[in-house]
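Visitor: Quick one: sequence and predicted model below, then my questions.
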Amino acid sequence: MASRRAVISAFQAASRRPICSPVSSIASSVRELHAPAGSNKIVGVFYKANEYASLNPNFLGCVENALGIREWLESNGHQYIVTDDKEGPDCELEKHIPDAHVLISTPFHPAYVTAERIKKAKNLKLLLTAGIGSDHIDLNAAAAAGVTVAEVTGSNVVSVAEDELMRILILMRNFVPGYKQIVEGDWKVAAISYRSYDLEGKTIGTIGAGRIGKELLKRLKPFNCKLLYHDRLSIGPELEKETGATLETNLEEMLPKCDVVVINMPLSDKTKGMFNNEKISKMKKGVLIVNNARGAIMDAQAVADASASGHIGGYSGDVWFPQPAPKDHPWRSMPNHAMTPHISGTTIDAQIRYAAGTKDMLDRYFKGEDFPSQNYIVKEGKLASQYL
């Protein structure tokens, strides 16, 4: 019981922390992105695959296979430490922070790189995200300390967009209760069909129309839906014509129009907890929500309460806060959900792409070369625009 209370307490404390600390709290001094001569210490934090690690030679994103770069790094004289142990003062990650030059993590098993950890990491020059989404890092603290942050932009865009489409259909067709019936030996057609609908003719709105949002709109086009999107930038007349999507500049006006709302925005201080009781109340009663962006964009309890009341007709996604999710997280037990662990962007195809992208950036780092410009999240003390 004491350990359970500790988990809940840590979860509540974490949910109150800002994504980014104020820049003024840490003295700014850019650390040049050049690998020190000789051996570099690279630390990787990934999920552990255990018995599944050997079942697929391309299963690269786990501790055991370590992005497939161990032999390359060590043959070039570098030290490569890999772990899944990332929480608490005595964890394995904490032991290696002070003298690490590079820290690699993924959104699927994120190493939460706080201002305190950055302050301890005197040698740290580069924080790499193997995947997309670097909100597990205190970006302002990294910027103020002059640490470069980069990710493998585009590596799992298709993977996540396909997963979002799947989740829309799973919710629309009330699939999960039907699956559970078969597993449990039951057969009650009416219990499923009374709230199962066609996707055709429904209004789907994506909040955020960046790379993933655009790919989702393309994939929804054949279903003959009414497509809306809210973003600070237009997707352009050509893609609007191709998809039939309409820009909604006012989010408050878009929300009540949507049968399905898809969250496709990055997590920042501005978007953290954005979907609270007030925002959810503006949505259509029975709305379906898909969120593969970040769990902390939602007020977790507000989502659970609205699901219990029926205002949210179904909620699906693979993102939680924190990750891994506590066993008593309210989304685990709320009705009409189709939640999974954070899996959408870590398909085998995505792992091959983000492993290759990580190796490419490490190679450029050792050679003193710039990364592809779209990969930078923090460069020379400045944050990418999506996190401002």
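Guide: Great, that's in hand.

Visitor: Walking through the chain, point out its strands one by one.
Guide: Using DSSP state E, the strands of the chain run over residues 41-45, 79-83, 102-105, 126-129, 148-151, 203-207, 226-230, 246-247, 260-263, 287-291, 312-317, 337-339, 376-379, 382-383.

Visitor: Which elements pack onto the last one?
Guide: Applying 3 or more CB pairs under 8 Å, 6 or more residues apart in numbering; DSSP states H and E, one finds that strand 382-383 contacts helix 139-145. For the C-beta atoms, the positions are set from N, CA and C on the backbone; glycine is no exception.

Visitor: What of the first one?
Guide: Under the contact criterion of 3+ CB pairs under 8 Å, 6+ apart, strand 41-45 touches strand 79-83, helix 92-96, strand 102-105.

Visitor: Nearest to residue 40, out of these?
Guide: With respect to residue 40, and counting by CB to CB, the nearest of these is strand 102-105 at 6.5 Å.

Visitor: now the closest one: mean pLDDT?
Guide: Mean pLDDT, strand 102-105: 98.

Visitor: Provide the contact partners of that strand at residue level.
Guide: Outside strand 102-105, the residues within contact range by CB atoms under 8 Å, 6 or more residues apart in numbering are 40-46, 67, 97, 111, 113, 121, 124-130, 136, 358, 362, 365.

Visitor: tell me the angle the lengthiest helix in the chain makes with strand 41-45.
Guide: What stands out as the longest helix in the chain, according to DSSP state H, is helix 348-367. For helix 348-367 against strand 41-45, the angle by axes from the mean of the first three to the mean of the last three CA atoms, to 10 degrees is 160 degrees.

Visitor: Next, count neighbours for the nearest residue to residue 330 once chain neighbours are set aside.
Guide: Leaving out its chain neighbours, the residue that sits closest to residue 330 by CB to CB, 6 or more residues apart in numbering is residue 304, at 3.8 Å. Close neighbours of residue 304, defined as other CB atoms under 10 Å, add up to 21.

Visitor: same check, this time on residue 52
Guide: 11.

Visitor: returning to that earlier point: dump the longest helix of the chain to PDB, restricted to CA.
Guide: Once non-C-alpha atoms are left out, helix 348-367 reads as follows in PDB (Å, rounded to 0.1, in the frame of the first residue of the first chain):
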ATOM      1  CA  ILE A 348       9.000  -2.600 -37.000                       C
ATOM      2  CA  ASP A 349       9.000  -0.400 -40.100                       C
ATOM      3  CA  ALA A 350       9.200   2.700 -37.900                       C
ATOM      4  CA  GLN A 351      12.000   1.200 -35.800                       C
ATOM      5  CA  ILE A 352      14.100   0.600 -38.900                       C
ATOM      6  CA  ARG A 353      13.600   4.300 -39.900                       C
ATOM      7  CA  TYR A 354      14.300   5.800 -36.500                       C
ATOM      8  CA  ALA A 355      17.200   3.600 -35.800                       C
ATOM      9  CA  ALA A 356      18.800   4.600 -39.200                       C
ATOM     10  CA  GLY A 357      18.000   8.200 -38.400                       C
ATOM     11  CA  THR A 358      19.600   8.100 -35.000                       C
ATOM     12  CA  LYS A 359      22.800   6.400 -36.400                       C
ATOM     13  CA  ASP A 360      23.000   9.100 -39.100                       C
ATOM     14  CA  MET A 361      22.800  11.900 -36.600                       C
ATOM     15  CA  LEU A 362      25.400  10.300 -34.300                       C
ATOM     16  CA  ASP A 363      27.700   9.900 -37.300                       C
ATOM     17  CA  ARG A 364      27.200  13.600 -38.200                       C
ATOM     18  CA  TYR A 365      27.900  14.500 -34.500                       C
ATOM     19  CA  PHE A 366      31.200  12.600 -34.500                       C
ATOM     20  CA  LYS A 367      32.200  14.300 -37.800                       C
END
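
Visitor: other SSEs contacting it?
Guide: Contacts defined by 3+ CB pairs under 8 Å, 6+ apart place helix 348-367 against strand 102-105, strand 126-129, helix 157-172.

Visitor: residues in contact with the second one?
Guide: Outside of strand 126-129, the residues within contact range by CB under 8 Å, 6+ apart are 33, 101-107, 113, 134, 136-137, 142, 147-152, 358, 361-362, 365, 377-378.

Visitor: Try it again at 6 Å.
Guide: Applying CB atoms under 6 Å, 6 or more residues apart in numbering, the external contacts of strand 126-129 come out as 102, 103, 104, 137, 147, 148, 149, 150, 151, 358, 365.
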